[in-house]
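K.L.:
sequence and predicted structure are below.
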Amino acid sequence: VASQAATEAQPSGKASQSKSASVRAMFSQIAPKYDFLNHALSLNIDKRWRRFTAHQLSDILDRPGARVLDLCCGTGDLSMELASRSSTWGLDFCRPMLSLGLKKAAQAAFPILLIEGDALRVPFVDCQFDAVTIAFGLRNLETVDDGLREIYRVLKPGGRAAVLEFSTPALPFLGRIFDFYFSYILPQIGKAISGSKVAYSYLPESVKVFPNQATMSRMMQSVGFSNVAYYNLSGGIAALHLGDKLSSAD
Ligand SMILES: C[S@@+](CC[C@H](N)C(=O)[O-])C[C@H]1O[C@@H](n2cnc3c(N)ncnc32)[C@H](O)[C@@H]1O
């Protein structure tokens, strides 16, 4: 039910266009302002969330020869955090976002391999990566379940998935303040700066129908992940879910 609901929020609202097509068009339009708005609208807290995500994968990233895939990598901020520790591939289906990522990666000290592709049809055979991450991407896929299944498929046994996404604030009071900011203030600023009427209204709408922490944990378990756990970030405004793909030795 949760994954069905997650598909209901769609940027264009046009039933005739697939969610993927409208999501890609939306990110193509806002790409030039994406990083600026991300950091400004979150007061740079998003950077801390990505750093925390990389930190929680430390034991995996420090494995000799570790390979990491960052799905829906956008302009590459999480990919770059990961690449300083291990070989990192970033995948996204929006070329303007990837082009910006490419420019940033060219100036970074560590190489990243960027791939234009669909997170629901990852162009790798099974069991290739020690860690697979997805930051603020799962919510945008056609279905959450299919995204989780694809992550599980390309993980090596013994690997770990990290899902960073907006979530449900733990305290009702914080939830009400955040909801007001997210639903009324952020769309106005986002529209004024990015020029997109749709993108920053879709953001709160898609977060509202996204599974909460407990539901996401159950969904990860049901596609096969073990040791599923989550951290609330900034009081649950975002959450980082972790899950392991067990090896036969576990
Ligand atoms: C909110 S941005 C997140 C970017 C980045 N991970 C970050 O933390 O800033 C979502 C990204 O997901 C990408 N995306 C959405 N659906 C996708 C799909 N099916 N396959 C690949 N990329 C997708 C979009 O193009 C966009 O770049």
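P.N.:
Nice, thanks for sending it over.
K.L.:
and the residue of this protein that's closest to the ligand?
P.N.:
Residue nearest to the ligand within the chain: Gly74 (2.5 Å; C-beta to the nearest ligand atom). No exception for glycine: its C-beta is placed from N, CA and C like everyone else's.
K.L.:
which residues does that residue contact?
P.N.:
Counting by C-beta atoms under 8 Å, 6 or more residues apart in numbering, Gly74 makes contact with 27, 34, 92, 94, 97, 101, 135-137.
K.L.:
A helix includes Asn232, no?
P.N.:
No - per DSSP: H, G, I helix; E, B strand; the rest coil, Asn232 lies outside any helix segment and is strand.
K.L.:
burial count for it?
P.N.:
By other C-beta atoms under 10 Å, 15 other residues sit near Asn232.
K.L.:
same thing with Pro32?
P.N.:
Using other C-beta under 10 Å: Pro32 sits among 13 other residues.
K.L.:
which stretches of this structure form helices?
P.N.:
Listed in chain order, the helices of the chain (DSSP state H) span residues 2-6, 19-41, 45-56, 58-61, 77-83, 95-107, 144-154, 172-180, 186-194, 199-208, 213-223.
K.L.:
returning to that earlier point: report the lowest-confidence entry in the contacts of Gly74.
P.N.:
By pLDDT, Tyr34 ranks lowest within the contacts of Gly74, coming in at 91.
K.L.:
in this structure that one contacts Thr75, no?
P.N.:
Yes - Tyr34 lies in contact with Thr75 (C-beta atoms under 8 Å); the separation is 6.0 Å.
K.L.:
any shared contact partners between these two?
P.N.:
Joint contacts of Tyr34 and Thr75 (C-beta under 8 Å, 6+ apart) are 97, 100.
K.L.:
I'd say Tyr202 and Met26 touch.
P.N.:
Yes - counting by C-beta under 8 Å, Tyr202 sits close enough to Met26 to count as a contact (6.7 Å).
K.L.:
between those two, what contacts are shared?
P.N.:
Pro11.
K.L.:
of Tyr34 and Thr75, which one has the most company?
P.N.:
Shown here are Tyr34 and Thr75; by other C-beta under 10 Å, Thr75 has more neighbours (25 against 20).
K.L.:
for the closest residue in space to Val23 that isn't next to it in sequence, grab the count of nearby residues.
P.N.:
Nearest residue to Val23, sequence neighbours excluded (C-beta to C-beta, 6 or more residues apart in numbering): Asn140, at 4.8 Å. Around Asn140 there are 29 other residues, counting by other C-beta under 10 Å.
K.L.:
report the contact partners of Asn140.
P.N.:
Going by C-beta under 8 Å, 6+ apart, Asn140 touches 19, 23, 72, 206.
K.L.:
the last one and Val23 touch, don't they?
P.N.:
Put plainly, it is Ser206. No - counting by C-beta under 8 Å, Val23 is not a contact partner of Ser206; they are 9.3 Å apart.
K.L.:
the more surrounded of those two?
P.N.:
Val23 (25 against 22).
K.L.:
would you mind listing what in the protein touches the ligand?
P.N.:
Within reach of the ligand by C-beta under 6 Å from any ligand atom, the chain has these residues: 20, 23-24, 27, 72-74, 77-78, 92-94, 97, 118-120, 135-137, 140-141.
K.L.:
now the buried members of those residues.
P.N.:
20, 23-24, 27, 72-74, 77-78, 92-94, 97, 118-119, 135-137, 140-141 (16 or more other C-beta atoms under 10 Å).
K.L.:
and the longest strand anywhere in the chain, what does it pack onto?
P.N.:
If you go by DSSP state E, the chain has its longest strand at strand 155-166. The contact analysis (3 or more C-beta pairs under 8 Å, 6 or more residues apart in numbering; DSSP states H and E) places strand 155-166 against helix 45-56, strand 129-135, helix 144-154, helix 213-223, strand 238-244.
K.L.:
many thanks, have a good one.
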